[in-house]
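Trainee: pasting a predicted model and its sequence here:
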Amino acid sequence: MSSLRVLPLLVNNPLHSSSRSSFSFKRVNCSLNVPKLPRVSFSPSSRRSLVEDLDKFTTEKSPLGEKHHDLYNSTNSKAIIQLYAILEAVADRIEMHNNVGEQRVNWNTLLLNSINMLTLAASTMAGVAGSYDGASVLALKLSSALLFSAATGMLLATNKIQPSQLAEEQRNAARLFKQLQTQIQTEIAIGNPSEGDVRDAIEKVLALDKAYPLPLLGGAMLEKFPAKFEAARWWPESRLSSNDKDKIMEIKNNNNNGWNVELEEEMREVIEVLKRRDMEDYDRLGNIALKINKGFAVSAPLLTGIAALGSVFSGDGLVPALAGALATVVNAFEHGGQVGMVFEMYRTCGGFFQLLEETIEAAIEEKDLDKRENGELFEMKMALQLGRSVSQLRELATKSASCRSEGREIHEFASKLF
């Protein structure tokens, strides 16, 4: 029990002004009930138990700490750290190719518009100069010749580098590096990577760098007008030793890592359809796109060169005006239609089919079934990459075998994506 002494407040009232000097004190009693707390004593054994519980909680409830502990105490920690380092390099490659790709898209737009404006302005000057005589006509002719000459030089440089094709190369490179990034992340997530996985990842990065170079100078740029259409290649050579190919393998129909004779025959039929239909078709289309692009690349600067000479030596202005107009049309078709990009798209599609062919052949030629990818998983991945279901892929293989036995050509393509 505790007592509090309270001093009353004096009210400012005229009726009590006479008693202002008198004070009265009142005693206010209040009680505070505080519960009694139990006495806690820490013995040495209880302290050890508390520390053990905290350590157990940290190990079980902190996945970051557990992963950190496992990372540096597992036998494959070196491979994991190396794969993370490769991931950083791959992420940087993706950013670089995206940035350079945007830059080259801008190149294509700016160069196309600039060259067309130069040729149209020069054609107009040449046409006007052919209608009048005098000192001003000479100035128009010289200005027209100068603009045509500048357009010719810009066309030669633009047709040499093919900005639309360069932009498509960077888009493909960024997509393939993202694909590689996902593959490496999957290997780390599944766990137990080896030094062979690290070596394969490095070889894939270097193969992509070679297939889609960033610089334009020093001979690093890809040939934009090759003698013959060739599919792009962005993967390393498969490493199958001759000893593996010479081994004799017996495939049974039960528990052979998902592989059996029927699945191998199915994969061989898929390869045949890829070769006879998809790859041949894209090879034909790629050669057509290459010839069209070559024709445009030669004719546009040739027309502007003729127009430049005609502006100086032609009297009526018909030749430079007509040649300049034709050059504008050709340039619009070539770079506005992005023929170089179409050619690069055919190269990439051809490389995709070639990669599928080599992947299937490498899997079939591997005689150690345990080293192969699981057969059911492999079949599903091949079907998805061709835009089919597993049942559709099997139907395609059956139809191909039937057509080959009857001596007929199959009219269906293996891929439904491209």
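Mentor: In hand now; what should we look at? Numbering: from 1, shown residues only.

Trainee: and what about Pro301, helix, strand or coil?
Mentor: Applying DSSP: H, G, I helix; E, B strand; the rest coil to Pro301 yields a three-state assignment of helix.

Trainee: to clarify, my last question referred to Met267.
Mentor: helix.

Trainee: now do the closest residue to it other than its chain neighbours: how many residues are near it, please.
Mentor: Of all residues not flanking Met267 in the chain, Ile360 sits nearest, at 4.9 Å (Cβ to Cβ, 6 or more residues apart in numbering). To be clear about C-beta, it is placed using only N, CA and C from the backbone, and glycine gets the same treatment. A count of nearby residues for Ile360, using other Cβ atoms under 10 Å, gives 19.

Trainee: what do you get for Ser143?
Mentor: 16.

Trainee: surely it meets Ser123?
Mentor: No - the pair Ser143 / Ser123 is not scored as a contact, 11.9 Å apart, by Cβ atoms under 8 Å.

Trainee: secondary structure element holding Ala173?
Mentor: Using DSSP states H and E, Ala173 maps to helix 163-190.

Trainee: packing partners of that helix?
Mentor: helix 77-129, helix 195-211, helix 339-365 (3 or more Cβ pairs under 8 Å, 6 or more residues apart in numbering; DSSP states H and E).

Trainee: these two touch, right, the residue nearest to Met267 and Ile271?
Mentor: Yes - under the criterion of Cβ under 8 Å, Ile360 makes contact with Ile271 at 5.5 Å.

Trainee: sorry, back to before: okay if I get the helices and strands packed on helix 163-190 as TSV plus distance to Ile306 and mean pLDDT?
Mentor: Converted to TSV, the helices and strands packed on helix 163-190 look like this (distance: least, Cβ to Cβ, whole Å; pLDDT from 0 to 100):
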stretch	distance to Ile306	mean pLDDT
helix 77-129	11	94
helix 195-211	38	94
helix 339-365	22	94
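
Trainee: can you pull the buried residues of stretch 327-338?
Mentor: Buried residues in stretch 327-338, counting neighbours by 16 or more other Cβ atoms under 10 Å, are found at 327-328, 330-331, 334-335, 338.

Trainee: just stretch 209-229 next, same as before
Mentor: By neighbour count on 16+ other Cβ under 10 Å, the buried set for stretch 209-229 is 211-212, 214, 221-222, 224, 229.

Trainee: what does stretch 177-194 give?
Mentor: 177-178, 180-181, 184, 187-188, 193.

Trainee: that one - what's its average pLDDT?
Mentor: Computed over stretch 177-194, the mean pLDDT rounds to 92.

Trainee: keeping just the C-alphas, turn that stretch into PDB.
Mentor: Extracted C-alpha coordinates of stretch 177-194, given in PDB (Å, rounded to 0.1, in the frame of the first residue of the first chain):
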ATOM      1  CA  PHE A 177      23.600 -16.900 -74.400                       C
ATOM      2  CA  LYS A 178      20.400 -16.700 -72.400                       C
ATOM      3  CA  GLN A 179      19.800 -20.400 -73.300                       C
ATOM      4  CA  LEU A 180      23.300 -21.200 -72.100                       C
ATOM      5  CA  GLN A 181      22.700 -19.200 -69.000                       C
ATOM      6  CA  THR A 182      19.600 -21.300 -68.200                       C
ATOM      7  CA  GLN A 183      21.500 -24.600 -68.900                       C
ATOM      8  CA  ILE A 184      24.300 -23.600 -66.400                       C
ATOM      9  CA  GLN A 185      21.700 -22.600 -63.800                       C
ATOM     10  CA  THR A 186      20.000 -25.900 -64.200                       C
ATOM     11  CA  GLU A 187      23.200 -27.800 -63.700                       C
ATOM     12  CA  ILE A 188      23.900 -25.900 -60.500                       C
ATOM     13  CA  ALA A 189      20.400 -26.400 -59.300                       C
ATOM     14  CA  ILE A 190      20.400 -30.100 -59.900                       C
ATOM     15  CA  GLY A 191      23.700 -30.400 -58.200                       C
ATOM     16  CA  ASN A 192      26.900 -32.500 -58.500                       C
ATOM     17  CA  PRO A 193      28.500 -30.700 -61.400                       C
ATOM     18  CA  SER A 194      31.900 -31.900 -62.600                       C
END
